[in-house]
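*Asks:* quick one, what's the 3D model for this:
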Amino acid sequence: MNTPLYDQASAPQDSQPLLANSVQAFGRIPNLHAVMAESPNVLEAYQLLHELFQNSSFDKDGITVVWQTINVEHACHYCVAAHTAIAKMMKVDETITTALREKTEMPTAKLQVLHETTLELVRERGHLSEQSLNTFFAAGYNKRHLLEIVLGISQKVLSNYTNHLMNTPVDSAFEAFSWE
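*Replies:* Below is the predicted model:
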């Protein structure tokens, strides 16, 4: 199923100001937002979750690990490419992005724990073993971090599932980071 790529003029009326927000934030309308504009509620929820997760207690590396762990696990062709570009803009060390895309070991033990915890939460639908929980806390993370991973999962489920259903085309700005 393909959904139109809406712009500010063609989008449903309630989505038009949300697409204006996208232009203000990104200088353009990312294809994901153009597709989500079909449902103003979905686009608004995504924009809010995106902002909240970016303002979480994770640093840029942690944000990238959570996002890309989920994107790769969900096999989201769009989000892996987009978040590779975003990580590059955020000046995240490329060894982190490469490890996530290629499913190899993270460059630090702490990021590896974050990756494994996020992966277990996704795969086990919010359940963590006691051992994983203890390892997470021993690595220096806390309950706030745990809940913010759930926030990141919420954001990524919304985008990853949308991209699967709507076959969102990868933006030309992200094509250099395509992933299968």
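
*Asks:* could you measure from the residue lying farthest from the centre of the chain over to Leu19?
*Replies:* If you look at how far each residue of the chain sits from its centre, by C-alpha atoms, centre = their mean, the farthest one is Ala9, at 27.0 Å. Distance, Ala9 to Leu19, using C-beta to C-beta, to the nearest Å: 9 Å. Placement of C-beta: from N, CA and C, glycine included.

*Asks:* likewise Asp7?
*Replies:* 7 Å.

*Asks:* the more surrounded of those two?
*Replies:* Leu19 (25 against 14; other C-beta atoms under 10 Å).

*Asks:* which parts of the chain are helices?
*Replies:* 16-26, 31-36, 40-54, 60-73, 77-89, 94-102, 109-123, 130-138, 143-166 (DSSP state H).

*Asks:* so which of the ones you listed is the most packed in?
*Replies:* Of all the helices of the chain, helix 31-36 carries the top mean neighbour count, a mean of 26, counting by mean count of other C-beta atoms under 10 Å.

*Asks:* what distance do you get for the spatially most central residue of the chain to Ser39?
*Replies:* Taking C-alpha atoms, centre = their mean as the criterion, Trp67 is the residue nearest the geometric centre of the chain, at 3.9 Å. Taking C-beta to C-beta as the measure, Trp67 falls 22 Å from Ser39.

*Asks:* so which of the helices of the chain is nearest Trp179?
*Replies:* Closest to Trp179 of those, according to C-beta to C-beta: helix 77-89, at 4.0 Å.

*Asks:* now the angle from that closest one to helix 60-73?
*Replies:* Between helix 77-89 and helix 60-73, the angle comes out at 160 degrees (axes from the mean of the first three to the mean of the last three C-alpha atoms, to 10 degrees).

*Asks:* how about helix 77-89 as PDB, C-alpha atoms only?
*Replies:* In PDB, the C-alpha atoms belonging to helix 77-89 read as follows (Å, rounded to 0.1, in the frame of the first residue of the first chain):
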ATOM      1  CA  HIS A  77      14.500   0.400   5.600                       C
ATOM      2  CA  TYR A  78      13.500   4.000   6.100                       C
ATOM      3  CA  CYS A  79      14.400   4.700   9.700                       C
ATOM      4  CA  VAL A  80      17.800   2.900   9.600                       C
ATOM      5  CA  ALA A  81      18.800   5.200   6.700                       C
ATOM      6  CA  ALA A  82      17.300   8.300   8.300                       C
ATOM      7  CA  HIS A  83      18.800   7.700  11.700                       C
ATOM      8  CA  THR A  84      22.200   7.000  10.200                       C
ATOM      9  CA  ALA A  85      22.000  10.500   8.600                       C
ATOM     10  CA  ILE A  86      20.800  12.000  11.800                       C
ATOM     11  CA  ALA A  87      23.600  10.300  13.800                       C
ATOM     12  CA  LYS A  88      26.100  11.800  11.300                       C
ATOM     13  CA  MET A  89      24.500  15.300  11.800                       C
END
